[in-house]
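Q: after the sequence you'll find the predicted model.
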Amino acid sequence: MDSGTCLCRHNSRPRSLVHQIKVHAVTQSSPSQILSCVEKAPKYACISLVPTADDSDSASSSQQAGSNCLRDVHISARLMEDFLELAKQNTDKDLETCGVLGAFLESGTYYVTTLIIPKQESTSNSCEAKREEEYFTIQNERSLSPVGWIHTHPSQSCFMSSIDLHTHYSYQAMIPEAFAIVMAPTDTSRSYGIFRLSNPGGMSVVGQCPEMGFHTHEEPEDGSPIYEHCSNVYTNSNLRFEIFDLR
């Protein structure tokens with residue numbers, strides 16, 4: 001794919017519904033650049049179960065245990081599939097790929113509408129985004145909130161490494177609903193997961209941790225896992241989205 005190519009995917013969502021969507025300005029600063037590294041999966045690695053948004057069911061996932069203070073987030077499953085396809089060349093070479101997710105807030109719900117794949121340096125167990133000003137510009141021009149990031153584990157299992165946790169902390173400290181997607185195509189037990197730091201347990205541990213590189217973390221004092229699956233994230237087949245591949 002040529003640098004700067006923009007892909008737009010959409011389905012048969014009624015035009016009237018699309019026109020009712022309003023994009024709100026973002027006033028937050030941007031999180032730190034993406035740095036993902038893979039180490040051995042810890043014992044607390046857990047599967048991410050993603051509910052499916054149903055037009056006939058307007059109940060909010062905010063009523064679920066563990067996410068009663070979080071807004072719902074909608075994301076297209078096709079976006080994740082397309083990211084994996086764009087990452088395939090790297091995956092076949094056992095190289096990680098990472099991307100940034102942008103969303104707008106409408107009526108108390110975040111809608112992920114933009115995936116940006118920045119210039120990056122990758123190895124089999126790490127991926128570091130470069131030229132972050134390029135994807136910040138795209139998000140700012142579209143008034144999008146940086147609600148999360150996505151990356152592959154080409155030959156590893158589906159979990160969050162210690163460096164992943166530190167990368168994600170800057171997102172979640174700014175936006176409580178922020179999440180991290182791990183795509184692990186070779187993991188036969190779970191090919192992807194959608195995770196967040198537990199709050200306050202995981203956020204406190206990672207926020208106070210001065211370590212860099214691969215390291216272990218203390219267990220949260222409240223007995224919770226340091227990170228957990230997101231119960232407030234829904235796949236929504238009615239979402240249009242665009243992809244910017246800046247590599």
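A: It's in. As the structure is a prediction and not an experimental result, all values here were calculated from the model.
Q: so what does Ile243 have for phi and psi?
A: Phi and psi for Ile243, reported as degrees, to the nearest 10, are phi -120, psi 130.
Q: for Lys130, same thing?
A: Dihedral angles (degrees, to the nearest 10) for Lys130: phi -120, psi 160.
Q: I'd say it and Ser122 touch.
A: No - using Cβ atoms under 8 Å, Lys130 is not in contact with Ser122, being 10.6 Å away. (Each C-beta comes from the backbone N, C-alpha and C, glycine too.)
Q: out of the two, which sits in the busier spot?
A: Ser122 (21 against 14; other Cβ atoms under 10 Å).
Q: could you say which helix or strand holds that one?
A: Element membership for Ser122 (DSSP states H and E) is strand 120-123.
Q: then that strand to PDB, C-alphas only?
A: Provided in PDB are the C-alpha atoms of strand 120-123 (Å, rounded to 0.1, in the frame of the first residue of the first chain):
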ATOM      1  CA  GLN A 120       7.300   2.400  12.900                       C
ATOM      2  CA  GLU A 121      10.300   0.200  13.800                       C
ATOM      3  CA  SER A 122       9.500  -3.500  14.500                       C
ATOM      4  CA  THR A 123      11.100  -6.700  15.600                       C
END
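Q: how about that strand: buried residues?
A: Judged by neighbour count using 16 or more other Cβ atoms under 10 Å, the buried positions of strand 120-123 are Gln120, Ser122.
Q: immediately after that strand, which helix or strand?
A: strand 126-129.
Q: next structured bit after that next one?
A: helix 132-141.
Q: name the residues that touch that next one?
A: The contact list for helix 132-141 (Cβ atoms under 8 Å, 6 or more residues apart in numbering) reads 26, 30, 33, 100, 102, 114, 116, 118-119, 129, 144-146, 244, 246.
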